[in-house]
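>>> Any chance you can model this:
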Amino acid sequence: LCTRLYNLSYGEMVGLISKPQLTPEGVYTQRWVQSFYNIGSFLISAIVFAGLYRKPIPETLGLSSPAPLKQLLFVLAIAFTAVPVVSGLSAFNLKLPGIDQWADLNKLQASRDARLQVLLYSYSWLDSLFLVIALALVPAVSEEVFFRGLLQRFFSSWSYNKHIGIGVSAMLFTLLHFSVTQFVPILFMGLLLGYLYSWTGNLWVCILVHFLNNATTVIFHRLSAQYQSVQMFQDDYQPSALVFWLAVVFLFGILFWLYRKENRTATIESIWP
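Below is the predicted model:
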């Protein structure tokens, strides 16, 4: 598709994937590859698995019931409170003892920044809307269907322990993002989404939290081009200790309230028919 749309040879396309370039061809190649990676690796795999069973695919993957309004209000509070928490955990990740022995962190961080600069570059607000679809909506649906709707339910059923299912799916979610420099915040999000699914019994809640988290990154990157002096919009934003701990307390307060209100009534059907 990329070779046809942008008149690229296969070799040129592979080069743009391995070494991102801030050109129209480089930007859109990164976007298409990211989108099709998510769809092909996660969404299609989950659909094929679900198709092996007698039940309808949405029911098998936990997508048959919409999220009630009260859960959506929790989602909004959780998603936006998690922003400073995730940013703080990103900074903490780089300071972990011994992490510099795994790889050259400066080189990895520079490579990540260069890729993000290309992947998140937008030419207009309309182009940013396409980015939100490609980098927020597509991954949110694909990854939540695969990791929570499929793997978490599978490992919970297999082990007869929901915590094992949540932990294994969260770890696989983290490892398949292939990021040493973002290991801790991705693992945190994996666990957060896993327990949200367990407590609410509704995969749409996880999809919306995941979508808002990714969309916030896209929008902040767009705003950083217009407001370069505002630290909050920068990729390396680190909240102050006070902001971080206030966000942690508030976030876990919301989660505890959600746990008390929803955990007693939530049911997640076994992945096996």
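>>> Could you export stretch 145-153 as CSV, CA atoms only?
The C-alpha trace of stretch 145-153 is given here as CSV (Å, rounded to 0.1, in the frame of the first residue of the first chain):
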residue,chain,number,x,y,z
VAL,A,145,-9.5,-6.9,22.1
PHE,A,146,-6.3,-9.0,22.0
PHE,A,147,-4.7,-8.4,25.4
ARG,A,148,-7.8,-8.0,27.7
GLY,A,149,-10.6,-9.5,25.7
LEU,A,150,-8.7,-12.5,24.6
LEU,A,151,-5.4,-13.1,26.6
GLN,A,152,-6.6,-11.9,30.0
ARG,A,153,-9.7,-14.0,29.9
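>>> Run the chain-centre distance for that stretch.
Between the centre of stretch 145-153 and the centre of its chain there are 14 Å (C-alpha atoms, centre = their mean, to the nearest Å).
>>> Just the mean pLDDT for that stretch, thanks.
For stretch 145-153, mean pLDDT is 90.
>>> Repeat that for stretch 114-127.
77.
>>> mind listing what's buried in it?
Using 16 or more other C-beta atoms under 10 Å as the test for burial, stretch 114-127 gives 118-122. (Each C-beta comes from the backbone N, C-alpha and C, glycine too.)
>>> okay, those in TSV with distance to Leu242 next?
Output for those, formatted as TSV (distance: C-beta to C-beta, whole Å):
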residue	distance to Leu242
Val118	34
Leu119	32
Leu120	28
Tyr121	33
Ser122	32
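>>> Let me know the distance separating the residue positioned nearest the centre of the chain from Ala140.
What sits nearest the mean C-alpha location of the chain, by C-alpha atoms, centre = their mean, is His210, with 5.1 Å. The gap separating His210 from Ala140 is 4 Å, by C-beta to C-beta, to the nearest Å.
>>> next one: Ala247
21 Å.
>>> Please apply the same query to Thr216.
Using C-beta to C-beta, Thr216 is found at 12 Å from Ala140.
>>> Please identify which of these two sits among more neighbours.
Neighbours were counted for Thr216 and for Ala140 using other C-beta atoms under 10 Å; Ala140 has more, 22 against 17.
>>> Now do the contacts for that one.
Ala140 is in contact with 207-208, 210-211, 214, counting by C-beta atoms under 8 Å, 6 or more residues apart in numbering.
>>> Could you rerun that using 7 Å?
Applying C-beta atoms under 7 Å, 6 or more residues apart in numbering to Ala140 gives the contacts 207, 210-211, 214.
>>> tell me which element it is part of?
In this assignment (DSSP states H and E), Ala140 forms part of helix 138-143.
>>> Report the next helix or strand after that helix in sequence order.
Taking DSSP H and E, what comes next after helix 138-143 is helix 153-159.
>>> Quick check, pLDDT for Gly253.
The predicted local confidence for Gly253 is 93.
>>> ok, now which ones touch it?
The contact partners of Gly253, taken as C-beta under 7 Å, 6+ apart, number zero.
>>> in the stretch 1-150 of the chain, which ranges drop under the pLDDT threshold?
1-18, 51-62, 64, 100-105, 109 (pLDDT under 70).
>>> what ranges do the helices span in it?
2-6, 10-18, 24-38, 44-51, 57-60, 69-93, 105-119, 125-132, 138-143 (DSSP state H, counting those that start in this stretch).
>>> Disregarding flanking residues, what is the spatial nearest neighbour of Lys162?
Computed as C-beta to C-beta, 6 or more residues apart in numbering, the closest residue to Lys162 that is not its neighbour in sequence is Ser156, at 4.8 Å.
>>> Quick one, which of the contacts of Ala140 are buried?
Counted by 16+ other C-beta under 10 Å, the contacts of Ala140 give 207, 210-211, 214 as buried.
>>> Take those and keep only those in helices.
Counting by DSSP state H, these place 207, 210-211, 214 in helices.
>>> Around Thr23, how many other residues sit close by?
Using other C-beta under 10 Å, Thr23 is surrounded by 13 other residues.
>>> Now it. Its backbone dihedrals?
phi -130, psi 160 (degrees, to the nearest 10).
>>> average model confidence for stretch 195-203?
Here the average pLDDT along stretch 195-203 is 89.
>>> circling back to that earlier point, ranking the helices of the stretch 1-150 of the chain by burial, who's on top?
Counting by mean count of other C-beta atoms under 10 Å, helix 138-143 has the highest mean neighbour count of those, with a mean of 22.
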